[in-house]
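Enquirer: let me see the structure of the following:
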Amino acid sequence: MKKNIILVAYAVKPNSGSETALGWNTFLSLSLQHNVWLITESEFRREILDAVKRYNLDSSRITFIDIGDKARQMCWNQGDWRFYLYYRGWQKDALNAAKFIDRSHAIDVFHHLNMIGFREPGFLSTHKPNKTVLGPLGGFGNPSLILLVVNHVSILKIFKELVKLCLNFLSLFLPHARKSIRSAGCLISATPEACNYLNWFFNKDSTFIPETGCSAQLEYPIVLPEKKFFLMIAKNQPRKGLVIGIKAFLKANVDCDLVVLGLSKDGFSYFKADKNIERVFFMGKVSHQYVQEKLSACSGLIFPSLHEGTSHAVVEALAYGAPVICFNNFSHGYLVSQYEGYTVDMNFLNKLNAVNIFSVLIKECFNSNEELSERRKRSKKFRLQNSWSKKAESYSHIYDSL
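Expert: Got it, this is the predicted structure:
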């Protein structure tokens with residue numbers, strides 16, 4: 001049964017990744033099943049309206065609220081906590097817009113989608129709490145400080161992560177966050193860890209739905225090359241674990257190359273003295289099409305991230321049936337463990353020996369010689385079970401339960 005739904009999603013952009021992909025694909029998938037009014041920020045107004053026209057959706061159901069250029073710059077500069085001051089004001093404007101729409105259209109569900117961080121869950125639950133859905137909620141936890149220390153991250157960066165850890169913990173006690181989360185009709189968690197945090201600190205149960213999805217309809221061509229290669233996709237940030245991944249690949253000493261996307265060699269000088277670094281190719285920033293080509297052909301994605309939500313890189317790799325080697329934490333660990341990947345438990349001993357364990361798994365993956373037909377079968381299974389439309393169905397079940 002169709003419902004009238006208000007979807008508040010700060011970040012929405014067609015043909016993108018991360019938070020903006022979550023916003024657009026959720027809006028599009030829900031619009032095919034319900035009557036959806038979208039409230040979003042105006043940065044990507046043109047792209048949204050062009051896409052809405054292509055899909056024959058009703059543009060009059062979209063409300064754009066401008067947050068200003070200064071706040072936008074803070075938003076995309078991850079780690080600038082000043083953004084939350086502006087975002088809080090934006091969410092109050094979103095609440096007023098939602099109330100206005102509700103007066104005319106008798107809204108059944110108010111869904112705060114993103115940003116997914118738990119620190120600022122908006123104000124929808126102050127309007128009609130029993131009809132409010134929050135999530136998927138994430139942003140809990142921090143990278144393991146032990147892993148940062150044993151992998152030679154600078155003292156300054158470790159100190160910054162320690163400060164973030166303290167601020168993140170204190171954020172669990174923010175009055176507005178606690179009130180909004182506790183009063184909402186239903187919570188969705190982005191990771192298994194988020195489920196635990198919401199239960200421990202807010203005494204609320206939640207439904208676990210990884211926030212990132214893929215397309216079930218598109219063709220995903222998988223063509224394996226004659227010479228194998230492994231892939232890494234990451235920024236040069238401590239939580240991405242780049243040093244672990246590259247060290248492990250070099251230690252594995254397998255007869256293939258490692259291709260690193262998103263990072264140039266000039267921006268990552270850690271391995272300059274290693275004579276085997278010539279087998280690692282730093283490609284810098286590349287197009288999304290190039291990323292897909294590499295994912296469709298790689299022998300595996302090395303993903304040693306220490307702290308992540310549902311990584312777009314991991315979801316796309318699994319959509320192509322590519323094996324993923326990662327830590328068994330957060331949503332990426334959960335998904336990989338469900339689809340025959342290679343995972344490393346985050347216990348103390350494994351943290352100290354992460355490079356050795358990853359190198360063993362890289363060797364194992366290299367020697368697996370999986371048939372192309374098996375990879376295509378796994379790709380199809382993953383896409384059917386983790387598509388954006390499947391997530392919209394899960395959200396619909398939650399709406400029915402309110």
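
Enquirer: and the longest helix anywhere in the chain, what's buried?
Expert: Counting residues, the longest helix found in the chain (DSSP state H) is helix 83-105. The neighbour-count check on helix 83-105 (16 or more other Cβ atoms under 10 Å) flags 83, 84, 86, 87, 90, 91, 94, 95, 97, 98, 101, 102 as buried. Bear in mind the C-beta positions are built from the backbone N, C-alpha and C, glycine included.

Enquirer: could you export that helix as PDB, CA atoms only?
Expert: C-alpha atoms of helix 83-105 as PDB (Å, rounded to 0.1, in the frame of the first residue of the first chain):
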ATOM      1  CA  PHE A  83      29.700  22.300  10.200                       C
ATOM      2  CA  TYR A  84      27.300  20.900  12.800                       C
ATOM      3  CA  LEU A  85      26.400  24.500  13.900                       C
ATOM      4  CA  TYR A  86      25.100  25.200  10.400                       C
ATOM      5  CA  TYR A  87      23.700  21.800   9.900                       C
ATOM      6  CA  ARG A  88      21.600  22.100  13.100                       C
ATOM      7  CA  GLY A  89      20.000  25.300  11.700                       C
ATOM      8  CA  TRP A  90      19.400  23.500   8.400                       C
ATOM      9  CA  GLN A  91      17.600  20.700  10.100                       C
ATOM     10  CA  LYS A  92      15.300  23.200  11.900                       C
ATOM     11  CA  ASP A  93      14.400  24.600   8.500                       C
ATOM     12  CA  ALA A  94      13.800  21.100   7.300                       C
ATOM     13  CA  LEU A  95      11.400  20.500  10.200                       C
ATOM     14  CA  ASN A  96       9.400  23.600   9.300                       C
ATOM     15  CA  ALA A  97       9.300  22.500   5.600                       C
ATOM     16  CA  ALA A  98       8.100  19.000   6.700                       C
ATOM     17  CA  LYS A  99       5.300  20.600   8.900                       C
ATOM     18  CA  PHE A 100       4.200  22.700   6.000                       C
ATOM     19  CA  ILE A 101       4.000  19.600   3.700                       C
ATOM     20  CA  ASP A 102       2.200  17.600   6.400                       C
ATOM     21  CA  ARG A 103      -0.600  20.100   6.700                       C
ATOM     22  CA  SER A 104      -1.500  19.700   3.000                       C
ATOM     23  CA  HIS A 105      -0.800  16.000   2.400                       C
END
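
Enquirer: same for it, what does it pack against?
Expert: The elements that helix 83-105 packs onto, with contact taken as 3 or more Cβ pairs under 8 Å, 6 or more residues apart in numbering; DSSP states H and E, are strand 4-9, strand 35-41, strand 62-65, helix 69-76.

Enquirer: could you redo the last one with a cut-off of 6 Å?
Expert: Judged by 3 or more Cβ pairs under 6 Å, 6 or more residues apart in numbering; DSSP states H and E, the packing partners of helix 83-105 are strand 4-9, strand 35-41, helix 69-76.
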